[in-house]
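test case, fold it:
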Amino acid sequence: MKVVIIGGVAGGATAAARLRRLDEQAEIVVFERSGFVSYANCGLPYYIGGVIEDPEALTLQTPESFFARFRVDMRVRHEVTALHPEQKTVSVRNLETGEEFEEPYDKLILSPGAKPTQPRLPGVGLEKLFALRTVEDTFRIKDYINAHHPKSAVLAGGGFIGLELAENLRELGLDVTIVQRPRQLMNPFDPDMAAFIHAEMRAHGVRLALGHTVEGFEEKDGGVDVLLKDSAPLHADMVVLAIGVTPDTALAREAGLALGIKGSIVVNDRMETSVPDIYAVGDAVQVKHAVTGLDTLLSLAGPANKQGRIAADNICGGDSRYLGSQGSSVIKVFGLTAAVTGVNETNAKKAGLDADAVILSPMSHAGYYPGGKLMTMKVVFEKGTCRLLGAQIVGYEGVDKRIDVLATAIHAGMSAIQLKDLDLAYAPPYSSAKDPVNMAGFMIENISKGVVKQFRLEDLPTLPRDGSVTLLDARTPQEYAGGRIEDFRLIPVDELRNRLDEIEPGKPVYVLCQSGLRSYIACRILAGHGYETYNFAGGFRYYGAVMNDRRLIESATACGMDQ
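From the prediction side, this is the model:
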């Protein structure tokens, strides 16, 4: 059996290695257009910033090392120019010699990946305009910085690559501005959770021009002007396009394979395309979202690796199935860690799900043990069924392990209430006896059983201010003096039982505190005395972060960047 693989990196290289482990006799040929067959895509921004110093550390395997271990014929700088399913051959061009030839196959795996989205805008192609996707792109940016010592950069796009590159360029001393059309960075997060990411970026000097449309680029004064719709241009010594990626599927389209979202390759759960004996994996394929069941695109290394393994299993006579993508991911943002899994609240509602969420601010470990830091968690669930839909966490320590627990719970089909029953490891330096994941489960159980009702940030503007309801702040006088929500009167929770006569019976009471815990206790006290109560999800800390972010974005709209 001869297997030809188009593209290396995560999906293709994984498939090649798995094929060899399953079939020692198979002939395996990999064609890779770039000069690197297997490299650490996610490490590229950190090489530019100098965190990774050795460029060879980016290369996970070379053609020579891959052949030595797996006897796989890895041919870099070879571009496949056409597929011929009827003849079961592919046309190949050697990019170094110009030689062209036909290569036959019994089974074909497409792993072409995705390419940086290149908008059709004036000025695209300027010398000081860069993209970051391959090792060659990385070296080009690094060499330019070393040779020209730019003092400023504009990054068009605020996804994973944009944020990681912004951090690394700041560490090199550049002034950095991120500009993009959406009014938030990191679209896998809801806008309220993105507010915490925005704050960290601003705290480290990154300017944000959110809600602005890029209309083109012009060389000017030795640098580049980024032209914005209805706003003044942004000027920088260099510009990096990190708008996103588009499936690189021209070969599949020309060969007549069925295509889906954004021209992605349609595959079944065995990674088979619409054409017999052709499989596809990685960023180029359309997958099912594991939570919503909808078709989606997810450009992540983990799914690509799994898909490569599944394709290899099935080529070798197995019956492996891809169960869908959950979108679990994590990113370092200076000192912050932000992580997400499943579907966020915004997209859950767009998918027609009756979604709700709890927001909590637990410590990373036991409060009495020194060094604990707050994290903000948002756990999304379906009303009625309490099906666990997704989670987002932003904090400094312990974020990654909590998101992995929640990702596992979603994959296992656990309900959000069952989070309370998880038996998770506890010691004061690492967690609390009631882990933050358990706490989310307790909160959702309370809501589902009617022990507590909550009101959300979006409900605040519509709360009556005519005296028909009581608005109560259960924090301390010191906290209240440091910032408050208009019309919420102060009665600290520890004084509440002695001051019940100040709260008019028969009126609903809406209660808030700093994080939501003391206001929950206040709600239970009031409920015990016959009051109808509502607890503010997230607390004043969350409210302050989100509202401050909104103000900064609004004030920046006219001038093109944060003040």
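
where are the low-confidence patches of the stretch 451-563 of the chain?
Applying pLDDT under 70 to the stretch 451-563 of the chain flags the ranges 558-563.

which residues of it fall in helices?
Along the stretch 451-563 of the chain, counting by DSSP state H, counting those that start in this stretch, helices occupy 477-481, 517-527, 539-556.

what's the closest of the ones you listed to residue 268?
Nearest to residue 268 among those is helix 539-556 (41.7 Å), distances taken as C-beta to C-beta. For the C-beta atoms, the positions are set from N, CA and C on the backbone; glycine is no exception.

quick one: buried residues of that closest one?
With burial defined by 16 or more other C-beta atoms under 10 Å, the residues of helix 539-556 counted as buried are 539-547, 549, 552-553, 556.

hmm, back to that, just put the helices of the stretch 451-563 of the chain in a markdown table and tack on distance to residue 496.
What follows is these, written out as a markdown table (distance: least, C-beta to C-beta, whole Å):
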| stretch | distance to residue 496 |
| --- | --- |
| helix 477-481 | 14 |
| helix 517-527 | 5 |
| helix 539-556 | 17 |
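
and which of the buried residues of helix 539-556 is nearest to residue 492?
residue 540 (13.3 Å).

excluding sequence neighbours, find me the nearest residue to the closest one.
residue 514 (5.2 Å; C-beta to C-beta, 6 or more residues apart in numbering).

for residue 289, find the nearest of the helices of the stretch 451-563 of the chain.
helix 539-556 (26.2 Å).

residue 270 against residue 310, yeah?
Yes - Residue 270 is within contact range of residue 310, at 6.9 Å (criterion: C-beta atoms under 8 Å).

of these two, which one has the most company?
Counted by other C-beta atoms under 10 Å, residue 270 and residue 310 do not tie: residue 310 has more neighbours, with 25 against 16.

in the helix or strand encompassing the more buried one, which residues are buried?
Residue 310 is part of helix 301-315, with elements assigned from DSSP states H and E. Buried residues in helix 301-315, counted by 16+ other C-beta under 10 Å: 301, 303-315.

equivalent analysis for stretch 208-218, please.
For stretch 208-218, the neighbour count (16+ other C-beta under 10 Å) marks 208-212, 214-217 as buried.

how about residue 334: what's its closest non-neighbour residue?
residue 204 (4.8 Å).

show the pLDDT at that neighbour.
On the pLDDT scale, residue 204 is placed at 97.

let me see the contact set for it.
167, 170, 334 (C-beta atoms under 8 Å, 6 or more residues apart in numbering).

send the alpha carbons of the strand or helix carrying the first one over as PDB?
When you say that, I think you mean residue 167. Per DSSP H and E, residue 167 falls inside helix 160-171. This file holds the C-alpha atoms of helix 160-171, laid out as PDB (Å, rounded to 0.1, in the frame of the first residue of the first chain):
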ATOM      1  CA  PHE A 160      -4.400  33.900  19.400                       C
ATOM      2  CA  ILE A 161      -1.500  34.900  17.000                       C
ATOM      3  CA  GLY A 162      -2.300  38.600  17.300                       C
ATOM      4  CA  LEU A 163      -2.200  38.600  21.100                       C
ATOM      5  CA  GLU A 164       0.900  36.300  21.400                       C
ATOM      6  CA  LEU A 165       2.700  38.500  18.900                       C
ATOM      7  CA  ALA A 166       1.700  41.700  20.600                       C
ATOM      8  CA  GLU A 167       3.100  40.400  23.900                       C
ATOM      9  CA  ASN A 168       6.400  39.400  22.300                       C
ATOM     10  CA  LEU A 169       6.800  42.700  20.400                       C
ATOM     11  CA  ARG A 170       6.100  44.600  23.600                       C
ATOM     12  CA  GLU A 171       8.800  42.600  25.300                       C
END
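
and residue 340, which of the three is it?
Residue 340 falls in the strand class when you classify it by DSSP: H, G, I helix; E, B strand; the rest coil.

that one against residue 329, yeah?
Yes - with contact defined as C-beta under 8 Å, residue 340 reaches residue 329; the gap is 5.8 Å.

can you list residues touching both of those two?
Common contacts of residue 340 and residue 329 (C-beta under 8 Å, 6+ apart): residue 188.

these two: who's more crowded?
Higher neighbour count among residue 340 and residue 329: residue 340, with 26 against 18, using other C-beta under 10 Å.

which residues does the more buried one bridge with?
residue 329, residue 392 (DSSP bridges).

contacts only, for residue 99.
So residue 99 contacts residue 93 (C-beta under 8 Å, 6+ apart).

distance of it from residue 519?
Residue 99 sits 72 Å away from residue 519, going by C-beta to C-beta, to the nearest Å.

from what I see, residue 405 and residue 424 are in contact.
Yes - checked against C-beta under 8 Å, the pair residue 405 and residue 424 is within contact range at 6.8 Å.

find the residues that touch each one of the two.
Shared between the contact lists of residue 405 and residue 424 (criterion: C-beta under 8 Å, 6+ apart) are residues residue 437.

dihedrals phi and psi, the residue nearest to residue 334?
phi -100, psi 20 (degrees, to the nearest 10).

contacts only, for residue 42.
160, 301.

Three-state assignment for it, please.
Classified using three-state DSSP, residue 42 is helix.

looking at the helices of the stretch 451-563 of the chain, which is closest to residue 19?
helix 539-556 (48.5 Å).

centre of the chain to that closest one, how far?
21 Å (C-alpha atoms, centre = their mean, to the nearest Å).

stretch 464-479 now?
The answer for stretch 464-479 is 36 Å, by C-alpha atoms, centre = their mean.

send the alpha carbons of that stretch over as PDB?
Extracted C-alpha coordinates of stretch 464-479, given in PDB (Å, rounded to 0.1, in the frame of the first residue of the first chain):
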ATOM      1  CA  PRO A 464     -37.100  49.800  38.100                       C
ATOM      2  CA  ARG A 465     -35.900  52.900  39.900                       C
ATOM      3  CA  ASP A 466     -39.400  54.000  41.000                       C
ATOM      4  CA  GLY A 467     -39.300  52.400  44.400                       C
ATOM      5  CA  SER A 468     -41.200  49.200  43.300                       C
ATOM      6  CA  VAL A 469     -38.100  47.100  44.100                       C
ATOM      7  CA  THR A 470     -35.300  47.300  46.600                       C
ATOM      8  CA  LEU A 471     -31.800  47.700  45.300                       C
ATOM      9  CA  LEU A 472     -29.300  46.500  48.000                       C
ATOM     10  CA  ASP A 473     -25.500  46.600  48.200                       C
ATOM     11  CA  ALA A 474     -24.200  44.000  50.800                       C
ATOM     12  CA  ARG A 475     -20.600  45.100  50.800                       C
ATOM     13  CA  THR A 476     -18.600  47.000  53.400                       C
ATOM     14  CA  PRO A 477     -18.700  50.800  53.700                       C
ATOM     15  CA  GLN A 478     -15.100  50.900  52.500                       C
ATOM     16  CA  GLU A 479     -15.900  49.000  49.400                       C
END
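
buried residues in that stretch?
Within stretch 464-479, the residues that qualify as buried are 469-476, 479, counting by 16+ other C-beta under 10 Å.

over to stretch 121-134?
Quick answer for stretch 121-134 (16+ other C-beta under 10 Å): 123, 128-134.

how about residues contacting it?
With C-beta under 8 Å, 6+ apart as the criterion, stretch 121-134 contacts 34, 36, 41, 44-45, 48, 114-116, 118, 137-138, 140-141, 144, 161, 165, 214-219, 223-224, 227, 237-242, 245.

can you flag the buried ones in those?
Counted by 16+ other C-beta under 10 Å, those give 34, 36, 41, 44-45, 48, 114-116, 137-138, 141, 144, 161, 165, 214-217, 223-224, 227, 237-242, 245 as buried.

distance-wise, check the nearest residue to residue 483 once chain neighbours are set aside relative to residue 363.
Excluding its sequence neighbours, the residue lying closest to residue 483 (C-beta to C-beta, 6+ apart) is residue 544, at 6.0 Å. The gap separating residue 544 from residue 363 is 19 Å, by C-beta to C-beta.
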